[in-house]
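Participant: Let me see the structure of the following:
(one chain, ligands or ions: 1)
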Amino acid sequence: METAIRIFKEARKYWIFLIAGLLSLIISTAAGFYMPWALRELTGLATEGSADFGKEALRIGLFLLFTTALQAAGSSASGYLNHYAALNYVADLRTRLYSKLQHMSLKYFHKSRTGDLTGRVVSDSLDAEVLLAHVIPDFASNILTFIGVGALLFTINWRLAFMSLITIPILVWITIWQSKHVSPVWKENSKVRGELAGTVQDNLSGIKEIQIFNQQKQEELKVTDLSKRHSMAYLRASFFFETTYPLLAFVTALGTVLVIVYGGHLVSVGSVSIADIVGFVMYLSMFYGPVKSFSGLVERAGEASAGCRRVFEVIDEISDVKEAEHVTVLPRVRGEIQLQNLSFSYNEEIPVLENVNLTIKAGHTVALVGTTGVGKSTIANLVNRFYDPQKGAVLVDGVDIREVSLESLRDNISMVLQDTFLFHGTVYENIAYGWKEATREQVIAAAEAANAHTFIEALEQGYETQIGERGIRLSGGQKQRLSIARAILRNSPILILDEATSALDAKTEAEIQEALDEVSKERTTLVIAHRLSTIRHADQIVVLDGTGIAQTGTHDELIAQGGPYAKLYEVSKN
Ligand SMILES: Nc1ncnc2c1ncn2[C@@H]1O[C@H](COP(=O)(O)OP(=O)(O)OP(=O)(O)O)[C@@H](O)[C@H]1O
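Facilitator: Coordinates of the predicted model:
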């Protein structure tokens, strides 16, 4: 109920269509009331032996034609208007959901499954359409029918009308019982559906690993298990429906039986006419209809609400990397980076960085080195504000990065990562990804600087070659070169290279290194590299150990000191 109310409130932009839809629905429902009335009238005329029966039948027939046409037109208009409002709301909801996801922190994506989130955007959001275009109008139409037909029943014969009410409490009790049980089952059903989508998506993304390790059978078993759980959850929900629906039909029939028996008695004593009984019994099926379909509607509402709640769960999620209320725009910076008493951990138990202090001068190239897992990429991620530190601050040009908009901060930073992600599209589009307005000459110049131009020209359609979803048609080294070109083109004052050349052979790496050295001259560059030969010329090398900084200095200074860096360098040389 809460979910339906929230959706209705949020759809206020489309209220005018929903109201017009409701009016059409009222007209259509009311027009439908005439059919039993017409039959009652005809029966009355026939049993009375009316002399004008033919003329009267024509009048009734023509009016019936009019009401039936009105009913059809009203139903069609209300269906279209409700769908117009609902589908537009779904489009808005999907955009809001997707926009929210785009601004969530990396922490959120680490704890969520991509397939599950995709399912929320693609299918769960569509449940709002079910609520707005089906469930809510159906509820309205049912209430209208129940009240309208109820009033007509009392008009025809109040004694029979009271009699027909006897079964209503039983019908209501059955539907309430059903709705109590159905809602949690639909919730479970939606959850398992999300897990299934997540697993299938994971498996398809990792199909190569699955085949390498011959895990097809095991993965198939996982999917089979989830499919079965999904079917079982669905089956449990349909159990309530399948058991209660025939029960409702039986109780409804019982009500009709009572009316026929009692009505027959009233006819025999002459206190009610045959025509009234005919009309009454016809109205009776209309009267019980809403009560009977109430349970189906409750079930549908439960299912759709569960899907919508999964959408709202994400929309209401509070991101751990939030923008302050009054952020300023960080202009193009000189590029000084300071880590001030910085402490950070992904989870409370294991600290990654503790009380780290570091100043990187604008325009300098600083290398972060240390054993694997020591926190090098974490520092890069903190500078880009993928995470916020638990203590301390990151300052760029003396400004705490939490005080500026994320967009303006990230406009100042380019990042080249070890795992390059290329989007579905052409080589050209992928290089120009961070700067859509770049000219062709600028894109080509960036590709040349990244030593990518030659291999791109050799591709079937050069810069217009389509690359697969994850650039699967390119080698690791080629992908990395495209990603370097992308970063060079962006021309931001801070460049972060996180194992940016790790997928390249020594010769290509040396060539690109030259280009990167050239690009680094004009900007602050943070380099993370395992191959220490590539960072020898850095202005400053920062050696991380444990949860902090063990040493800083130039290559020569650190070698002369003979500490952890000298040891790392010795190992990397061998
Ligand atoms: N999303 C995450 N959730 C929890 N722990 C994480 C997450 N990312 C990294 N860690 C942990 O934080 C620590 C630092 O990781 P980080 O990636 O910064 O190391 P690194 O020095 O860059 O390692 P490498 O040289 O192997 O790339 C590691 O122990 C890692 O397991």
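
Participant: contacts and neighbour counts: CA atoms only from here.
Facilitator: Fine.

Participant: With adjacent residues omitted, what lies nearest to the residue in the stretch 201-350 of the chain that the ligand sits nearest to?
Facilitator: Going by Cα to the nearest ligand atom, the ligand is nearest to residue 346 of the stretch 201-350 of the chain, at 4.7 Å. Counting by Cα to Cα, 6 or more residues apart in numbering, residue 346 lies nearest to residue 352, which is 7.5 Å off, once chain neighbours are set aside.

Participant: Could you measure from the one you found over to the ligand?
Facilitator: Residue 352 is 6 Å from the ligand, where distance means Cα to the nearest ligand atom, to the nearest Å.

Participant: what does residue 200 give?
Facilitator: As for residue 200, its distance to the ligand is 22 Å (criterion: Cα to the nearest ligand atom).

Participant: what number of residues lie near that residue?
Facilitator: 17 (other Cα atoms under 10 Å).

Participant: and the spatially closest residue to residue 489 that is not a sequence neighbour, what is it in contact with?
Facilitator: Distances taken as Cα to Cα, 6+ apart place residue 446 nearest to residue 489, at 5.3 Å, with adjacent residues excluded. Neighbour list for residue 446: 485, 486, 488, 489 [criterion: Cα atoms under 8 Å, 6 or more residues apart in numbering].

Participant: related to what we said a few turns ago, for the residue of the stretch 201-350 of the chain closest to the ligand, the count of nearby residues, please.
Facilitator: With other Cα under 10 Å as criterion, residue 346 counts 14.

Participant: what do you get for residue 313?
Facilitator: Applying other Cα under 10 Å, we find 12 residues neighbouring residue 313.

Participant: name the element it belongs to?
Facilitator: Here residue 313, judged by DSSP states H and E, is contained in helix 274-316.

Participant: other SSEs contacting that helix?
Facilitator: Applying 3 or more Cα pairs under 8 Å, 6 or more residues apart in numbering; DSSP states H and E, we find helix 274-316 packed against helix 2-10, helix 34-48, helix 53-102, helix 114-122, helix 127-129, helix 136-156, helix 168-205, helix 216-268.

Participant: helix or strand right after that helix?
Facilitator: Per DSSP H and E, helix 274-316 leads on to strand 337-344 as the next helix or strand towards the C-terminus.

Participant: Now tell me what touches that next one from outside.
Facilitator: Among residues not part of strand 337-344, those counted as contacts by Cα under 8 Å, 6+ apart are 351-362, 388-398.

Participant: Any of these buried? List them.
Facilitator: Buried subset of these (neighbour count, 16 or more other Cα atoms under 10 Å): 352-358, 360-362, 388-389, 392-397.

Participant: Which positions in the stretch 351-500 of the chain make contact with the ligand?
Facilitator: Within reach of the ligand by Cα under 6 Å from any ligand atom, the stretch 351-500 of the chain has these residues: 352, 372, 373, 374, 375, 376, 377, 378.

Participant: Verify the stated contact: the fourth one with residue 545.
Facilitator: Yes: counting by Cα atoms under 8 Å, a contact exists between residue 374 and residue 545, whose distance comes to 6.4 Å.

Participant: between the helices and strands packed on helix 274-316, which one is nearest to residue 326?
Facilitator: Residue 326 sits nearest to helix 53-102 of all the helices and strands packed on helix 274-316, at 19.1 Å, using Cα to Cα.

Participant: packing partners for the closest one?
Facilitator: By 3+ Cα pairs under 8 Å, 6+ apart, helix 53-102 packs against helix 15-32, helix 34-48, helix 114-122, helix 127-129, helix 274-316.

Participant: okay, these, which one's buried deepest?
Facilitator: helix 127-129 (a mean of 25; mean count of other Cα atoms under 10 Å).

Participant: How about the residues of this protein by the ligand?
Facilitator: Checking the chain against the ligand by Cα under 6 Å from any ligand atom, the hits are 110, 346, 352, 372, 373, 374, 375, 376, 377, 378.

Participant: Give me the buried subset of the residues you listed.
Facilitator: The buried subset of these - by 16+ other Cα under 10 Å - is 352, 374, 375, 376, 377, 378.

Participant: Contacts only, for the residue nearest to residue 83 when sequence neighbours are not counted.
Facilitator: Using Cα to Cα, 6+ apart and skipping residues adjacent in sequence, the residue nearest residue 83 is residue 133, 5.2 Å away. Taking Cα under 8 Å, 6+ apart, we find residue 133 in contact with 79, 82, 83, 85, 86.

Participant: about what we covered before: OK, contacts around the residue nearest to residue 346?
Facilitator: Contacts for residue 352 (Cα under 8 Å, 6+ apart) come out as 343, 344, 345, 346, 374, 375, 546, 547.
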